[in-house]
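Novice: sequence? don't have it. structure:
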């Protein structure tokens, strides 16, 4: 059984790189820009299918398929994932509860072969998710105050006017020395993000390739993370997205983890 | 020979039926095929030559689900073993579920140790070496789960008792009991007739909360291992005219057990702390006390564990301390008053989770023996993997692990999942 240990729902990435519907005319600080990116509406609940493709430097591909559900309950966001493929992780499920407060996430994994739901540690932020180029931290909803944000410049990226904001973690042991994010000035959409390693060399680039509006909420449906140093990459494609369906809290229980979708 | 032919025929018929039914009903089908060969270090002989086909047939609906899990083992060249590991029906209601049929039930928070995990008996015909998902035996049971938020009340009724499976004589895992004279065996009381009075009942309450997960359980069951009731026969030595042992009659018999226990799991600063304990009321133990006419005495017994799971950089580590204690101990018992064991697990995944290095060990602290299990797995792709490993038994020959010192082996598993 491959290690499947996740820090939060992949949907959270969309929050971090998402959209804000309004534009202010005033000049903004780096922190204000990132705050607008983080605080975009995501709906009360979301359902989607996710296909993650791992592509190595020779072009060989491995595909992981997941069905995921997310629900915002106010002070806690709950998510649950069901692994559909490959065969050796099929019917495995993962549940995550993320809190608005400083409390650490709670995470459980259900392994069908062992017929057991296990609590797992959420302290593996720098591990890579299912062998992909996304770390658990990349996929998690990072808090605004975790980093110092600085507006570096404004420039055009892919024909879009963008802010370029540098974020440096306040934690000296953080896996990245800094990140640079290009934010669309008119929509506050993240367009691109660069990740620098501890030696301040460029490590990875996240590119947002496509977004679509579902129930009035913009969702990134196609993105790619490329490891520049090792020359492999991972794409994530979302499909069958449903938002605000009136999901029940009972979806996020051990019963559902064991029973499946 | 006739039994083998019958088994093969049954397997073939089941596969044909399953294939047709799958086509007709659009069942979800998955499983794996595996070849598994082990070579003993001592002799160079093959200790294990096993080919396995595992099939899962599942159909899930909103109200009803069905699962069948036949597993076929081919040992050596021509010894076919068919097992229906699970065959059950699920019924889903608003606040409760019912599962009826042959099923495997897993309880507790321990890894590789069975404390409150006593519903499904174990198949120990290959000691503790099979994967933990293959070591349990399915039981025919009715299980009802009632849900209240993140709490679950579980009740299980098992009408037919299933004992632990032991290695048969001739197996490299069979340990010949040491008797001063050749014993005679009386198996007339070993089998328990199915019926209401002989059924087993298990109850459990589970809570999954932000701070802690815990389970509280109780069981009125049978001891999965039979008690060996011993009758000794004495004669008179014609030379010394002293009494001498002339015969031993052994009668295996399962006895009722009442068991209570629980387990918990919680995260503290990135470390998972786990614990599990069970209290056995009136378990039988062998004794040399001459006042006990059949060589056994009932004692209460405590079995518990504490464990930690944590990460050291990219390496995942886990360790458990286990203690078994006989309460109100007397020195005539053949078992030690306490037996302490530890487990240790280290795992490192690399090359984008295609290469996995793992070391798992049982360490017997009381008898200073161990089972050390290093292994390396490489995933050629998502469905095809190769595993090279070793089972190394070391230490005191009287210990649970050291007794298999001659069975240390290297092995290879090649697995195709679908």
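Specialist: Right, received. Where do you want to start? Just so it is clear, the structure is predicted and the values come from calculations on it, not from any experiment. Residues are numbered from 1 along each chain as shown, chains lettered A, B, ... in the order given.

Novice: OK, contacts around residue 147?
Specialist: By default, I'm working from chain A. Under the criterion of C-beta atoms under 8 Å, 6 or more residues apart in numbering or on different chains, the contact list for residue A:147 reads A:34, A:167, A:168, A:169, A:170, A:179. No exception for glycine: its C-beta is placed from N, CA and C like everyone else's.

Novice: right idea, wrong chain: chain B
Specialist: By C-beta under 8 Å, 6+ apart, residue B:147 lies in contact with A:250, A:253, A:255, B:95, B:96, B:97.

Novice: State whether it is indeed within a strand.
Specialist: Yes. Under DSSP: H, G, I helix; E, B strand; the rest coil, residue B:147 sits within a strand.

Novice: Looking at the contacts of residue A:147, which are in strands?
Specialist: Of the contacts of residue A:147, the ones assigned to strands by DSSP state E are A:167, A:168, A:169, A:179.

Novice: Could I get the pLDDT score of residue 10?
Specialist: Answering for chain A, as no chain was given. Note on residue A:10: pLDDT of 47.

Novice: Switch to chain B, please.
Specialist: 55.

Novice: try residue B:21
Specialist: 55.

Novice: what does residue A:215 give?
Specialist: pLDDT for residue A:215: 89.

Novice: Next: residue B:307.
Specialist: For residue B:307, the predicted pLDDT is 98.

Novice: My guess is it contacts residue B:266. True?
Specialist: No. Contact between residue B:307 and residue B:266 fails when scored by C-beta atoms under 8 Å: they sit 11.6 Å apart.

Novice: Show me whatever sits in contact with both of these two.
Specialist: Jointly contacting residue B:307 and residue B:266 under the rule C-beta under 8 Å, 6+ apart are residue B:273.

Novice: Comparing those two, which residue is more hemmed in?
Specialist: Neighbour count, other C-beta atoms under 10 Å in any protein chain shown: between residue B:307 and residue B:266, residue B:307 has more, with 22 against 18.

Novice: Wasn't the more buried one part of a strand?
Specialist: Yes. Secondary structure assignment places residue B:307 in a strand (three-state DSSP).

Novice: That one and chain A, how far apart?
Specialist: Counting by C-beta to the nearest C-beta, to the nearest Å, the gap from residue B:307 to chain A is 11 Å.

Novice: Who does the residue lying closest to that residue once chain neighbours are set aside form a beta bridge with?
Specialist: Excluding its sequence neighbours, the residue lying closest to residue B:307 (C-beta to C-beta, 6 or more residues apart in numbering or on different chains) is residue B:320, at 3.7 Å. Residue B:320 has these beta-bridge partners by DSSP bridges: residue B:307, residue B:343.

Novice: quick one on the thing from earlier: in ChimeraX, select just the buried ones from the contacts of residue B:147.
Specialist: Selection command for ChimeraX covering only the buried members of these, criterion 16 or more other C-beta atoms under 10 Å in any protein chain shown:
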select /A:253,255 /B:97
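
Novice: now the contacts of residue B:147 in JSON lines, with distance to residue B:177 and secondary structure?
Specialist: JSON lines is the format used below for these (distance: C-beta to C-beta, whole Å; DSSP: H, G, I helix; E, B strand; the rest coil):
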{"residue": "A:250", "distance to residue B:177": "53", "secondary structure": "helix"}
{"residue": "A:253", "distance to residue B:177": "48", "secondary structure": "coil"}
{"residue": "A:255", "distance to residue B:177": "46", "secondary structure": "helix"}
{"residue": "B:95", "distance to residue B:177": "51", "secondary structure": "coil"}
{"residue": "B:96", "distance to residue B:177": "47", "secondary structure": "strand"}
{"residue": "B:97", "distance to residue B:177": "44", "secondary structure": "strand"}
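
Novice: Nearest to chain A: which residue in the stretch 151-300 of chain B?
Specialist: Per C-beta to the nearest C-beta, residue B:270 is where the stretch 151-300 of chain B lies closest to chain A, at 2.9 Å.

Novice: dump the residue contacts of that residue.
Specialist: Residue B:270 is in contact with A:104, A:121, A:122, A:123, B:310, B:311, counting by C-beta under 8 Å, 6+ apart.

Novice: From the residues you listed, which one has the minimum pLDDT?
Specialist: Minimum pLDDT for the contacts of residue B:270 is recorded at residue A:123 (77).

Novice: my guess is it meets residue B:313, correct?
Specialist: No. Between residue A:123 and residue B:313 there is no contact under C-beta under 8 Å: 11.7 Å.

Novice: For those two, indicate the residue with more neighbours.
Specialist: Legend: neighbour count by other C-beta under 10 Å for residue A:123 and residue B:313, higher for residue A:123 (19 against 8).

Novice: In three-state terms, how would that one be classified?
Specialist: At residue A:123 the chain is in coil, as set by three-state DSSP.

Novice: Look up how far residue B:30 lies from the residue lying closest to residue B:332 once chain neighbours are set aside.
Specialist: Closest residue in space to residue B:332, ignoring its immediate chain neighbours: residue B:289 at 4.0 Å, by C-beta to C-beta, 6+ apart. As defined by C-beta to C-beta, to the nearest Å, residue B:289 lies at a distance of 54 Å from residue B:30.

Novice: which stretches of the chain form helices?
Specialist: Chain wasn't specified; assuming chain A. A:11-16, A:30-38, A:136-139, A:254-259 (DSSP state H).

Novice: ah, no, chain B please
Specialist: Under DSSP H, chain B gives helices at B:2-25.

Novice: where exactly do the strands run in the stretch 51-200 of chain A?
Specialist: A:61-72, A:76-85, A:93-99, A:106-111, A:116-120, A:147-157, A:160-169, A:178-184, A:190-196 (DSSP state E, counting those that start in this stretch).

Novice: Alright, calling it a day.
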